[in-house]
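1. Return atomic coordinates for the entry below.
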Amino acid sequence: SVMAVLIRHCCPARGSATIRYIQLYGGFTMKTPPFLVFAVSCLLITGVVAADERRDGGMKKVQTGIDVLVRDELRALAGQRVGLITNQTGIDGLGVSTIVRLYDAPGVDLVALFSPEHGLHGKLDIASISDSKDDGTGLRVFSLYGDTRQPTAEMLDGIDTLVFDIQDIGTRFYTYISTLGLAMQAASEHGKRFVVLDRPNPINGVDVSGPFADAGRESFTAFHKLPVRHGMTTAELALMFRSERNLDLELEVIELEHWNRAGYFDGTGLRWVNPSPNMRSLAQALLYPGIGLLETTNLSVGRGTDTPFEVIGAPWLNGDSFAFELNALGLAGVVFIPIRFEPDSSKFAGEACGGVNIAVTNREVFDPIRTGLEIARQLRLNYPGEWDIESYDRLLVHAATFEALREGRSVSEIEAGYREGLEAFKDRRARYLLY
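-> All right, here's what the predicted structure looks like:
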């Protein structure tokens, strides 16, 4: 029988149940009987964890919020009409979409989907996304990156609970956490319950760095008073948002299991799924807090190449001399390699650019914010006429840091200008940490 085969393949002597189930049965579909989904899920998750423990010498694969929810038979959503905010990163440890999990679950009524920037499948890189329909379920997909960035009363009609399941990358201006905050506000205003299925911070949950957005300059890329690198998970941020924004909201978080907050994504045992079209690896996610700040200026950050955020350049930049200047700084854990490249899209498409490849050699000592600020400072010093510094503040959103950079001050001086606020944030943050 199907159950007998599954049990046999979940046996420790047989290795990964996930691989064997997919080989034999092709995974779950919308037509899979709900009782079978739940039965095999419990068996498979148990088998996968056991296999991971053996392979890693006792280390356990991280269980995400959706894994824990499924293991607990979705009791947190029993009897609820659910609206799910998700994208392609919303999968469980078996690679099954959270959409499928909720749609097939007995006792849970998934009635609507909501998509963030880049759309439900994470493939769109456009300024505005329209509502659509999910082919698999036939459910309406409300875009939260179109005419509105926040669920409206009409969208929430007929929903009891909003569920959030999206992988963040740990940087303030990556907009998925803004979608989280705005959706929580809407749920509070309209009396809806809110559930966050937690996921790891891929660039670790310990390191915190960078300036805050100035008060009064909040935006979709600066939703809350956070440093550029916040070191928190989505569930921890949700707890902070509810408290510090005084939201009258019934919030439940489904916590991670077996996550080491000092670790990186490649230590979780989880599958990497590109969170957005140009976020294609853990290396790029680690570079993003510093290099992403530069992309609002007239500098290519590698969009239109195979390695976005790992290369920077421009037609007016001499990669050889710029790499020499950056390497002479002796920044910890990183080296700069002179290159020439030609983006096939985005900024400087079809134009030959001089630039540098940024290679992280030791991520334990590498500081992406300091690196990004040093690059900006060298651009200011060596290309004062070519580099447009004025637009650098669009994602930075911190006037004191921007003015210090404009004046050519050292990065140590710049960091000193926001250090006190950073220490105060660490105290605020400590109240909401779950792990």
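2. which residues of the stretch 251-400 of the chain fall in helices?
-> Applying DSSP state H, counting those that start in this stretch to the stretch 251-400 of the chain gives helices spanning 282-291, 319-328, 368-382, 393-396, 399-406.
3. what do you get for the stretch 101-250 of the chain?
-> For the stretch 101-250 of the chain, the helices defined by DSSP H, counting those that start in this stretch occupy 153-156, 176-189, 234-244.
4. between the helices of the stretch 251-400 of the chain, which one is nearest to Ala222?
-> Within the helices of the stretch 251-400 of the chain, the stretch nearest Ala222 is helix 393-396; the backing value is 7.9 Å (Cβ to Cβ). For every residue, glycine as well, the C-beta is placed using N, CA and C.
5. per-residue confidence averaged over that closest one?
-> Helix 393-396 carries an average pLDDT of 97.
6. which residues are contacting that helix?
-> By Cβ atoms under 8 Å, 6 or more residues apart in numbering, the residues outside helix 393-396 that reach it are Phe173, Pro211, Thr221, Ala222, Val228, Gly292, Leu293, Glu295, Thr296, Ala399, Phe402.
7. which one of these sits closest to Glu420?
-> Nearest to Glu420 among the contacts of helix 393-396, with distances taken as Cβ to Cβ, is Pro211, at 11.1 Å.
8. neighbours around that closest one, how many?
-> As a burial measure, Pro211 scores 24 neighbours (other Cβ atoms under 10 Å).
9. same question, Gly355
-> As a burial measure, Gly355 scores 27 neighbours (other Cβ under 10 Å).
10. That one: what's it in contact with?
-> Neighbour list for Gly355: Ser300, Val311, Ile312, Gly313, Ala314, Leu317, Gly319, Phe322, Pro338, Ile339, Arg340, Phe341 [criterion: Cβ under 8 Å, 6+ apart].
11. What of Leu110?
-> So, once contact is read as Cβ under 8 Å, 6+ apart, Leu110 ends up touching Val82, Leu84, Ile99, Leu102, Tyr103, Thr137, Leu139.
12. Correct me if wrong: the second one contacts Ile99.
-> Yes: under the criterion of Cβ atoms under 8 Å, Leu84 lies in contact with Ile99, with a separation of 6.4 Å.
13. Pull up the overlap in contacts between these two.
-> Counting by Cβ under 8 Å, 6+ apart, the residues touching both Leu84 and Ile99 are Gly90, Leu110, Leu113.
14. how close does the first one get to Asp147?
-> Using Cβ to Cβ, to the nearest Å, one gets 23 Å for the distance from Gly90 to Asp147.
15. Can you pick out the residue with more neighbours from the two?
-> Set Gly90 next to Asp147 and count neighbours by other Cβ under 10 Å: Gly90 wins out with 28 against 11.
16. is it true that that one touches Ile99?
-> Yes: using Cβ under 8 Å, Gly90 is in contact with Ile99, at 7.0 Å.
17. intersection of neighbour lists for these two?
-> Residues touching both Gly90 and Ile99 by Cβ under 8 Å, 6+ apart: Leu84.
18. before we move on, the earlier item: okay, the helices of the stretch 251-400 of the chain, which one's buried deepest?
-> Among these, helix 282-291 has the highest mean neighbour count (mean count of other Cβ atoms under 10 Å), at a mean of 24.
19. That one - contacts with which helices or strands?
-> strand 353-360, helix 368-382 (3 or more Cβ pairs under 8 Å, 6 or more residues apart in numbering; DSSP states H and E).
20. just the strands in the stretch 201-350 of the chain please.
-> 209-212, 227-229, 251-254, 311-314, 334-341 (DSSP state E, counting those that start in this stretch).
21. pretty sure Asp168 is in contact with Ser178, am I right?
-> No: using Cβ under 8 Å, Asp168 is not in contact with Ser178; the gap is 10.4 Å.
22. for this protein, what are the low-confidence residue spans?
-> Scanning the chain for pLDDT under 70 picks out the ranges 1-58.
23. Just give me the residue closest to the centre of it.
-> Asp168 (1.7 Å; Cα atoms, centre = their mean).
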